[in-house]
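> coords please:
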Amino acid sequence: MLLMKKQQSLDEGWALIADDNGWKITHPASTDPDNYNVYLERCAGKSFAPAIALTETTHLALPYSYLSTVAGSDVDALSHPVVSVQKKHQVDSSMIRIACRHIAMSATANFRDYGGYFTQDGRQVKWSKLFRTGHMGEMSRRDIAVLSQLNIQTVCDFRRPEEATKQPSLLPQDVEPTAIPISPGSAIDLFSAISDKAIDEAKIDAFMQDINRDLVRNHQSSYRSMFDRLLAAAESGSIIHCSAGKDRTGFGGLLLLSALGVSDDDIMADYLLTNQYVKIEREIARWQANYGAAEAKDSSVDSEKVNAARAAMKDHQGDFNHQALAVILRVKASYLQAAIDTIRQEFGTNIEYLEQQIGLTSSEFNRLKAYYLYP
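Residues are numbered from 1 along each chain as shown. Sure thing, here's the model as predicted:
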């Protein structure tokens, strides 16, 4: 199987990288790009069948102007092209698809495509079908238009009711989010637990690991609802999200990618991408707005707990505790590893957990693979 994966991937190192002018394809240093054909399969919401041969690229550069001409519509930084690469002069040549994982929406944090990974039997997860993000309460008109371009029809919102009420998702008019509230622990609980005199990073780490253990043990029905929606969304794109798009969403990503056959190593690598795609200062400003003085007047939350949390969020001078938030808004491998270890110790393999705790049947596994893996 490993040999098949190596053949399928055409060697490691192929990627589509965005810059100010468009995209460029990178390749392994030992690879001569002249030995490969490059095709545009999808861009700016359009799918091309057959794919369009990109014969006029210079050093595998794909500027917006060139792609706009090829695609027949305006292409910009949010157009999310999917490109296939195939070795020339080989009838049975393997093929990979590459895309930019991060889609830099104007306000929404951590919006990314979590397709593209290889399974352990050599297949590849489809791009432009599976997306994950943080909250979507500040989407611009252009961001919302991108959701329509991506054919997003299913949105699984893991936030608690008070989170969703505070920042309702801004979506295309024809898209209704599915509320799947998950409450393994909240920021308010965390801030209540830490000292306002010193940031105990070990205490924060322990809290986040406990959240991930709780996700494994106590939220099977919620993640079953996620799978039900994804099984029903075969012809469109989907989003899973929570507030920051890292913990509840991260565990959802682990479950789906496991069901498709992606390795724990690649799932962990995807989880850790949050640290690249979350702009800490912008998220701190959002936390200030959400947990500021007005929050105590909100009857949907425990005001005593909020006041305790607010006190913990302040430093000695009464300023918002940026140091604490900078720790909380990032992820560490140990957080998701706590979930993986809990599955192993208490339920067996990821597949056994999906079968016995989530309730996925053999037929549903096959349907997920048919929907979300390239042939």
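> Could you list the low-pLDDT ranges of the protein?
1-12, 56-59, 91-93, 185-199, 288, 290-321 (pLDDT under 70).
> do that again at 80, thanks
For the chain, the stretches with pLDDT under 80 are 1-13, 30, 55-59, 89-94, 107-109, 185-200, 279-326.
> mind giving me the domain ranges of it?
1-100, 101-375 (automatic domain parsing).
> which residues sit in contact with the residue nearest the centre of the chain?
Central residue of the chain (Cα atoms, centre = their mean): Arg132, 3.1 Å from the mean position. By Cβ atoms under 8 Å, 6 or more residues apart in numbering, the residues touching Arg132 are 110-112, 114, 239-241, 245, 249, 252-253. C-beta here means a position set from N, CA and C on the backbone, and glycine is covered the same way.
> Could you look up the SS state of it?
strand (DSSP: H, G, I helix; E, B strand; the rest coil).
> Please tell me how far it sits from Gly252.
From Arg132 across to Gly252, the span is 8 Å (Cβ to Cβ, to the nearest Å).
> list the residues that contact both of these two?
Counting by Cβ under 8 Å, 6+ apart, the common neighbours of Arg132 and Gly252 are Ile240.
> Spell out the residue ranges of the strands in the stretch 1-150 of the chain.
For the stretch 1-150 of the chain, the strands defined by DSSP state E, counting those that start in this stretch cover 15-18, 22-26, 36-43, 46-53, 61-63, 82-87, 95-99, 112-113, 130-133.
> Please identify the most buried of these.
The highest mean neighbour count among the strands of the stretch 1-150 of the chain, using mean count of other Cβ atoms under 10 Å, belongs to strand 130-133: a mean of 24.
> Just checking: what are the partner strands of that strand?
strand 112-113 (antiparallel), strand 237-241 (parallel) (DSSP bridges).
> quick one, which of those is packed in tightest?
Of those, strand 237-241 is the most buried (mean count of other Cβ under 10 Å), at a mean of 25.
> That one: how far from the chain's middle?
The chain centroid and the centroid of strand 237-241 are separated by 8 Å under Cα atoms, centre = their mean, to the nearest Å.
> Next one: Thr178 from Ser363, what distance?
Thr178 is 22 Å from Ser363, by Cβ to Cβ.
> repeat for Ile98
31 Å.
> now Asn110
From Asn110 to Ser363 the distance is 33 Å (Cβ to Cβ).
> between these two, who's got more neighbours?
A count of neighbours by other Cβ atoms under 10 Å puts Asn110 above the other of Asn110 and Ser363, at 25 against 9.
> Could you double-check that that one lies in contact with Gly245?
Yes. If you go by Cβ atoms under 8 Å, Asn110 and Gly245 touch, sitting 3.9 Å apart.
> quick one: common contacting residues for the two?
Joint contacts of Asn110 and Gly245 (Cβ under 8 Å, 6+ apart) are 132-134, 274, 278.
> Would you mind listing the buried residues in whichever strand or helix holds Asp341?
Assigned by DSSP states H and E, Asp341 belongs to helix 333-346. Using 16 or more other Cβ atoms under 10 Å as the test for burial, helix 333-346 gives 335-336, 338-340, 342-343.
> would a markdown table of those residues with distance to Leu147 be doable?
Converted to a markdown table, those look like this (distance: Cβ to Cβ, whole Å):
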| residue | distance to Leu147 |
| --- | --- |
| Tyr335 | 28 |
| Leu336 | 27 |
| Ala338 | 32 |
| Ala339 | 29 |
| Ile340 | 31 |
| Thr342 | 34 |
| Ile343 | 32 |
